[in-house]
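**Q** What follows is a predicted structure for the sequence shown.
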Amino acid sequence: MNRADIPAGEVLARVYGVKLAWGDPSHFAAQDKRECRHGDGPTVMRDERRKPCHLSCAEKELAAAIAAERFGDLCPHELTQELTGQAEVRR
């Protein structure tokens with residue numbers, strides 16, 4: 001895989017080592033597939049507010065929020081726009 005092929009959100013998640021622990025059953029709705037709040041297709045996963053969200057999407061969103069908080073205006077636009085432009089970043 002070429003580095004240019006890696007989405008900015010994935011880069012941020014890797015750089016910040018964001019890994020959420022979603023082993024609790026509250027993050028899983030086995031028979032209830034719904035569209036991810038980021039528009040990445042259907043998922044049975046749920047975020048902390050029980051909104052449909054892929055684990056990888058939530059990790060990327062958190063990484064973007066960390067980058068924006070740490071670097072503010074210095075954070076390269078292309079690294080945070082991918083997620084913050086699609087959905088409100090919840091802290």
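**A** Sure thing, it's come through.

**Q** where does this protein dip in pLDDT?
**A** For the chain, the stretches with pLDDT under 70 are 1-13, 15-16, 72-91.

**Q** could you pull out the strands for it?
**A** Counting by DSSP state E, the chain has strands at residues 34-35, 42-43.

**Q** how about the ones you listed in a markdown table, adding mean neighbour count?
**A** All C-beta atoms are positioned from the backbone trio N, CA, C, and that covers glycine. Listed next are those as a markdown table, based on neighbours: other C-beta atoms under 10 Å:
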| stretch | mean neighbour count |
| --- | --- |
| strand 34-35 | 13 |
| strand 42-43 | 16 |
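
**Q** can I get those strands in CSV with distance to residue 68?
**A** Shown next, in CSV, are the strands of the chain (distance: least, C-beta to C-beta, whole Å):
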stretch, distance to residue 68
strand 34-35, 25
strand 42-43, 24
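
**Q** For residue 28, find the nearest of those strands.
**A** Shortest distance between residue 28 and the strands of the chain, using C-beta to C-beta, is found for strand 42-43: 9.8 Å.
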